[in-house]
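Novice: sequence? don't have it. structure:
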């Protein structure tokens, strides 16, 4: 159990250093990752074995009123991504609404094209392709 106490003591000392703004091993960010680096323990030590110390760390941050820059950055990213998703959903809904009208237009043009081909074939004429365009393939 001595190793466990030593680990807890290292975490508490690291917590104090980070909160005092005097980190020795980490970048001093107010995160569990920085706390683990500062204490020389794995992040899992804080998220699985010493959750009470992790909670204490975040409680002390809140009590100080210190802003967690990483959390603020992530919240801004989440807000931006939610807006992007909302915009994409709106665009997708518009595209889905446009599809039936486009299908109707293609069907109408296909029917008109076939009628013109039939009319032209019945008069014995031949279809003359536009210059620079490949001749139309015969339809099955």
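Specialist: Good, I have the coordinates. The shown structure was predicted, so the numbers you read here are calculated from the model rather than taken from an experiment.
Novice: C-alpha only now, for contacts and for neighbours.
Specialist: Fine.
Novice: Would you map the helices across this structure?
Specialist: Assigned by DSSP state H, the helices in the chain fall at 2-20, 32-39, 43-44, 51-64, 69-122.
Novice: Which of these has the lowest mean pLDDT?
Specialist: Mean pLDDT is lowest for helix 2-20 out of the helices of the chain, coming in at a mean of 85.
Novice: So which elements touch that helix?
Specialist: Applying 3 or more Cα pairs under 8 Å, 6 or more residues apart in numbering; DSSP states H and E, we find helix 2-20 packed against helix 32-39, helix 51-64.
Novice: tell me the angle of that helix relative to helix 51-64?
Specialist: Taking axes from the mean of the first three to the mean of the last three Cα atoms, to 10 degrees, helix 2-20 and helix 51-64 form an angle of 10 degrees between their directions.
Novice: Next, the buried residues of helix 2-20.
Specialist: For helix 2-20, burial by neighbour count (16 or more other Cα atoms under 10 Å) applies to 7, 8, 10, 11, 12, 14, 15, 16, 17, 18, 19.
Novice: Distance to residue 56 added to the residues you listed, as JSON lines?
Specialist: Converted to JSON lines, the buried residues of helix 2-20 look like this (distance: Cα to Cα, whole Å):
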{"residue": "7", "distance to residue 56": "15"}
{"residue": "8", "distance to residue 56": "12"}
{"residue": "10", "distance to residue 56": "14"}
{"residue": "11", "distance to residue 56": "11"}
{"residue": "12", "distance to residue 56": "9"}
{"residue": "14", "distance to residue 56": "13"}
{"residue": "15", "distance to residue 56": "9"}
{"residue": "16", "distance to residue 56": "11"}
{"residue": "17", "distance to residue 56": "14"}
{"residue": "18", "distance to residue 56": "13"}
{"residue": "19", "distance to residue 56": "12"}
